[in-house]
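*Asks:* have a look at this fold, sequence not included:
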């Protein structure tokens, strides 16, 4: 990979493609003013009843905006028991006339209805990778077909950054994506930085791994900032410059002729430093040029899934439930390595801390706030609203001394992105 601190030479011959930047209100002026930016992507859950004025202005300029979901929990068996999230995904995509709608191959919660196979609902608020098994693929495929039918637009799925892996996983992620495409004909977002994170977890060569994905099914790519922690795991933060290793990996995949759609979107989710973002856009512009984006016109085929034994579905659901319970309590789930489990628990607690501290910044004034909050999260694993979480923590923090066995955060931000 590239040497630390160096980015690829932006002067080399660019592949025909489009440069994108994720929509955030803080980036609206950049999206409206920079003619190199050919498309954008908005988090569906950030839109309420109408489009923000500047986002509507962006659409009036005929800049395509993809609708991107983060809360469907599409790898959960009960993901669509409550249709609220998928209906909202459809409504936002209609407001934007999105060429593509997307979500993550992930679960965020274990449960959905009182009669579901894991009715004792736990919501992590964070994207977690499912086991790479036939059982999870069937769940994802069935849910993807239903979502595609509801939104009525090409629906594609994204690989996530994961610091954990299930012992029962049967495939690599690339092989899992191949299998999933064979049973529901889905397309993908390929997040290059997330491939880098997975390679750091499994000790594999990311350049070899990325070329094994079904690149002909990729609708567009993500690249975002991050860094390596002391445990040598790559942290995909979306608040740092794009890492040199991610640029090198992006160049690797852009050189593969199986990649049909070279639309690449830069992700920033906080600490919006204009100069750093402009530098990332400059490098990316040298890699893919400034062509209008071209997106696929198909998605998961709507067809009846073959019937499966409910017992098998229940076993898969129970495995997700026990895993999430252990992680939220700081325990190591069965079949997980200590390092991966602790890194994932820290991520869950860190994201919850970030949300609570945003709701009430007074939390940050407490000595050892991050460690004390981790102990609070262990004692109260069920998530409530960030404001209620902050209030409960502030009411009892002085009765909760930080435990010495909790792992201190090793990253520059309180939460990590998926």
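*Replies:* Arrived safely. Computed from a predicted structure; not experimentally measured. Numbering: from 1, shown residues only.
*Asks:* tell me the buried residues in the lengthiest helix in the chain?
*Replies:* The single longest helix within the chain, with elements called by DSSP state H, is helix 338-359. The neighbour-count check on helix 338-359 (16 or more other CB atoms under 10 Å) flags 339-357, 359 as buried. For the C-beta atoms, the positions are set from N, CA and C on the backbone; glycine is no exception.
*Asks:* now do that helix, average pLDDT.
*Replies:* Helix 338-359 carries an average pLDDT of 84.
*Asks:* so how far is it off the chain centroid?
*Replies:* Distance, stretch centre to chain centre, for helix 338-359: 15 Å (CA atoms, centre = their mean, to the nearest Å).
*Asks:* just stretch 211-226 next, same as before
*Replies:* Centroid displacement of stretch 211-226 relative to its chain, using CA atoms, centre = their mean, is 13 Å.
*Asks:* try stretch 74-91
*Replies:* Centroid separation between stretch 74-91 and its chain, computed with CA atoms, centre = their mean, is 16 Å.
*Asks:* run through who's touching that stretch.
*Replies:* 44-45, 67, 69, 71-73, 101, 103-113, 116-118, 130, 136, 139-140, 143-144, 146-147, 150-152, 157, 313, 316-317, 320 (CB atoms under 8 Å, 6 or more residues apart in numbering).
*Asks:* give me the distance between the two termini of that stretch.
*Replies:* 18 Å (CA to CA, to the nearest Å).
*Asks:* which parts of the helix or strand harbouring residue 318 are buried?
*Replies:* Assigned by DSSP states H and E, residue 318 belongs to helix 310-328. Residues 313, 316-317, 319-321, 323-328 are the ones in helix 310-328 that count as buried (16+ other CB under 10 Å).
*Asks:* run through the stretch 51-200 of the chain and note the low-pLDDT ranges.
*Replies:* Applying pLDDT under 70 to the stretch 51-200 of the chain flags residues 111-121.
*Asks:* residue boundaries of the helices in it?
*Replies:* With DSSP state H, counting those that start in this stretch as the criterion, the stretch 51-200 of the chain has helices at 53-60, 84-96, 134-151, 173-184, 192-202.
*Asks:* can you check the stretch 201-350 of the chain too?
*Replies:* Under DSSP H, counting those that start in this stretch, the stretch 201-350 of the chain gives helices at 206-210, 244-254, 274-288, 310-328, 338-359.
*Asks:* chain center to stretch 64-76: distance?
*Replies:* Relative to its chain's centre, stretch 64-76 lies at 9 Å (CA atoms, centre = their mean).
*Asks:* how long is that stretch from one end to the other?
*Replies:* 30 Å.
*Asks:* buried stuff in that stretch?
*Replies:* Across stretch 64-76, burial judged by 16+ other CB under 10 Å covers 64-76.
*Asks:* buried deepest among the helices of the stretch 51-200 of the chain, which one?
*Replies:* Between the helices of the stretch 51-200 of the chain, helix 192-202 has the highest mean count of neighbours, a mean of 24, where neighbours are mean count of other CB atoms under 10 Å.
*Asks:* what packs against that helix?
*Replies:* Helix 192-202 makes packing contacts with helix 206-210, strand 218-224, strand 226-228, strand 234-236, helix 244-254 when contacts are defined by 3 or more CB pairs under 8 Å, 6 or more residues apart in numbering; DSSP states H and E.
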